[in-house]
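> Any chance you could fold what I've pasted below:
(one chain, ligands or ions: 1)
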Amino acid sequence: MISKVLIANRGEIALRIILACKELGLKTVAVHSMADRDALHVRYADDDVCIGPAASKQSYLNMSSIISAAEITGADAIHPGYGFLAENATFAEIVGECQITFIGPSPDAIRRMGDKAKARETAKNAGVPILPGSDGPLRSIDEAREVAAAIGFPVILKASAGGGGRGMRICADETELQSAYETARNEAERAFGVADVYLEKYLERPRHIEIQVFGDTHGRIVALGERDCSIQRRHQKLIEESPSPAITEEIRKKMSAAAIQLCEAVGYVNAGTIEFLFQDGEFYFMEMNTRIQVEHPVTEEVTGIDLVKEQIRVAAGDRLSVPHGDFRLRGHAMEFRINAEDPVTFAPHPGKIKEFHLPGGPGVRVDTAAYRDYVIPPHYDSLIAKLVVKGKDRMETLARARRALEQFIVEGVKTSIPLHRQIVANEKFINGDFSTKFMETFLRG
Ligand code: ADP
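Predicted structure coming up:
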């Protein structure tokens, strides 16, 4: 049983979780930094606790403040959202030790899948295809050279503890590998506190396709279709859609089976995402995210399942509500990430929102915690809204996306809306003909 949920997060995802709790008849506790006093998640929660100064390290990443907030307010569950402490196994463990339900997977599953080099190994042992590369972290530059020579250039160096599109280096030849190796290790150490890097084959024009998975505590694991997240800038997602215009039902089934196989191998419970790269009809495991994803609404729209409510129900020990038997995606959905940033340089653009008009009408959903006169603080992620559009097929979805992006007005700060307007008018995008390299070519114009 869960009766009161503390949300250890901010912004649109904190609000999204509060809405799910309200529908389930649960009480909510918002935590916030001193910079977030006027945030909507604080206003909508039943209780709120200030957990520290603006800097994330002292607030949203401050485990003891968050646990104290749960204890003071009598919260019996914590939802970590995404980012911040969502994939921190120690946090999940401490929450459990305090007799509070962690709404997410077990600390063990987070640990096993959180280290990307280890996760590759786990996937390989579970019979899931991976890209050729090193066995675990590289021990020396000599080993890096040997592995690269065996699999052939280009290769990509990745931080084992990496995330958020950071800590990756593409190497076209041995000279580049030689100079990138130490830099990559230093960067990884600085950004993630662990210097370990591993290496894998770099694909030239893959699609990023991920499978939404869900496990319950009764041993059932389901795959809820895919999301195509190939439209990225700096290895970070900008647009996601489901179904993917690139895969057949046969590939979908194979990818889903592989994802389930991997979840079974780690006894996975709650929501998770298995990310794959797909090229020339083959797919390869890339990493697993052991949390709810930013782009989860896309799956909600084509499956009709409220993933956040499902997370809470499953954490309380309920069985998955997904019906048994053949599973089909209905219609088509796309998500556009609206970031407060310069659409050309991608530099964050915090500040006061002077005008804020949301699109509406059939098939349009906006997940946001922003409002007119809201001041976007400079301390956090630049995501201010997610425009999610649904239609009976991809063409209808695109038409709705076009008019919703026209209707969406944000003034006072620069946003990615103008960029999205251009992308939805692009012929290759309209035809579904793109890889993760789309934005590179698109920006070169
Ligand atoms: P993060 O955990 O930082 O999000 P990922 O491992 O998920 O990093 O990779 C992010 C993106 O980087 C992918 O979606 C893809 O565009 C690119 N990428 C990662 N590995 C490869 C690879 N081996 N070949 C080509 N592109 C890759």
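> When you work out contacts or count neighbours from here on, use the C-alpha atoms and nothing else.
OK.
> State the phi and psi torsions of the residue in the stretch 1-150 of the chain that the ligand sits nearest to.
Closest residue of the stretch 1-150 of the chain to the ligand, CA to the nearest ligand atom: Leu131 (6.9 Å). Backbone torsions for Leu131, taken as degrees, to the nearest 10, come to phi -70, psi 150.
> same check, this time on the one 10 residues further on
As for Ile141, its main-chain torsions (degrees, to the nearest 10) stand at phi -60, psi -30.
> Isn't it up against Thr183?
No: counting by CA atoms under 8 Å, Ile141 sits too far from Thr183 to count as a contact (11.6 Å).
> coming back round to it: hmm, the residue of the stretch 1-150 of the chain closest to the ligand is touching Tyr284, no?
Yes: with contact defined as CA under 8 Å, Leu131 and Tyr284 form a contacting pair (5.7 Å).
> helix/strand/coil for the residue nearest the centre of the chain?
Nearest to the geometric centre of the chain sits Gln293, at 3.4 Å (CA atoms, centre = their mean). At Gln293 the chain is in coil, as set by DSSP: H, G, I helix; E, B strand; the rest coil.
> That one reaches Tyr82, doesn't it?
Yes: between Gln293 and Tyr82 there is a contact at 6.3 Å, judged by CA under 8 Å.
> and after the helix or strand where Ile72 lies, which helix or strand comes next?
For Ile72, the host element (DSSP states H and E) is helix 63-73. Next along the chain after helix 63-73, taking DSSP H and E as the criterion, comes strand 77-79.
> now the angle from the following helix or strand past that following strand to helix 63-73?
Counting by DSSP H and E, the next helix or strand C-terminal to strand 77-79 is helix 89-97. With axes from the mean of the first three to the mean of the last three CA atoms, to 10 degrees defining the directions, helix 89-97 sits at 20 degrees from helix 63-73.
> Tell me the buried residues in helix 89-97?
By neighbour count with 16 or more other CA atoms under 10 Å, helix 89-97 contains the buried residues 89, 91-92, 94-96.
> quick one: average pLDDT of that helix?
Across helix 89-97, pLDDT averages out at 98.
> That one - contacts with which helices or strands?
strand 101-102, helix 107-114 (3 or more CA pairs under 8 Å, 6 or more residues apart in numbering; DSSP states H and E).
> Between helix 107-114 and it, find me the angle.
Going by the same axes, to 10 degrees, helix 89-97 makes 170 degrees with helix 107-114.
> What separation is there between His208 and the ligand?
Here His208 is placed at a distance of 5 Å from the ligand (CA to the nearest ligand atom, to the nearest Å).
> Could you report the neighbour count for that residue?
24 (other CA atoms under 10 Å).
> I'd assumed Thr436 was in contact with it.
Yes: under the criterion of CA under 8 Å, His208 makes contact with Thr436 at 6.7 Å.
> shared neighbours of these two, which are they?
Common neighbours of His208 and Thr436, counting by CA atoms under 8 Å, 6 or more residues apart in numbering, are Ser230.
> what bridges to the closest residue in space to Ile78 that isn't next to it in sequence?
Spatial nearest neighbour of Ile78, chain neighbours left out: Leu6 (4.7 Å); criterion: CA to CA, 6 or more residues apart in numbering. Beta bridges link Leu6 to Val29, Ile78, judged by DSSP bridges.
> Quick check, Leu6 in contact with Ala75.
Yes: with contact defined as CA under 8 Å, Leu6 reaches Ala75; the gap is 5.9 Å.
> of the two, who's got more company?
Leu6 (33 against 22).
> does the ligand sit close to stretch 135-149?
No: using CA under 6 Å from any ligand atom, we find that stretch 135-149 stays clear of the ligand, coming within 12.4 Å at best.
> Use 79 as the first number for this chain going forward.
Sure, I'll start numbering at 79, so the last one becomes stretch 213-227.
> what about that stretch, how long is it end to end?
Across stretch 213-227, the terminal residues are separated by 15 Å (CA to CA, to the nearest Å).
> re earlier: shared neighbours of Leu84 and Ala153, anything?
The contact lists of Leu84 and Ala153 share 106-107, where a contact means CA under 8 Å, 6+ apart.
> Got the domain ranges for this protein?
If you go by automatic domain parsing, the domain ranges for the chain are 82-165, 210-279, 285-522.
> and the closest residue in space to Pro455 that isn't next to it in sequence, what does it touch?
Once flanking residues are discounted, Pro455 sits nearest to Pro428: 6.0 Å by CA to CA, 6+ apart. Applying CA under 8 Å, 6+ apart to Pro428 gives the contacts 418-419, 453-456, 460, 491.
> Residues of the stretch 379-523 of the chain that sit close to the ligand?
Counting by CA under 6 Å from any ligand atom, the residues of the stretch 379-523 of the chain that sit close to the ligand are Thr514.
> Give me the distance between Asp186 and Val300.
Relative to Val300, Asp186 is positioned 20 Å away (CA to CA).
> Which one's more surrounded, those two?
Shown here are Asp186 and Val300; by other CA under 10 Å, Val300 has more neighbours (21 against 16).
> Report the beta-bridge partner residues of that one.
With beta bridges defined as DSSP bridges, Val300 has these partners: Phe292.
> my read: it touches Lys331, true?
No: Val300 is beyond contact range of Lys331, at 11.8 Å (criterion: CA under 8 Å).
> okay, the helices and strands packed on helix 167-175 in CSV with mean pLDDT next?
Listed next are these as CSV, based on pLDDT from 0 to 100:
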stretch, mean pLDDT
strand 179-180, 98
helix 185-192, 95
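> Please identify the deepest-packed of the ones you listed.
strand 179-180 (a mean of 23; mean count of other CA atoms under 10 Å).
> How far away from the center of its chain is it?
20 Å (CA atoms, centre = their mean, to the nearest Å).
> Equivalent analysis for stretch 400-418, please.
The answer for stretch 400-418 is 14 Å, by CA atoms, centre = their mean.
> now that stretch: mean pLDDT?
93.
> which residues touch His498?
Per CA under 8 Å, 6+ apart, neighbours of His498: 414, 483.
> All set, thanks.
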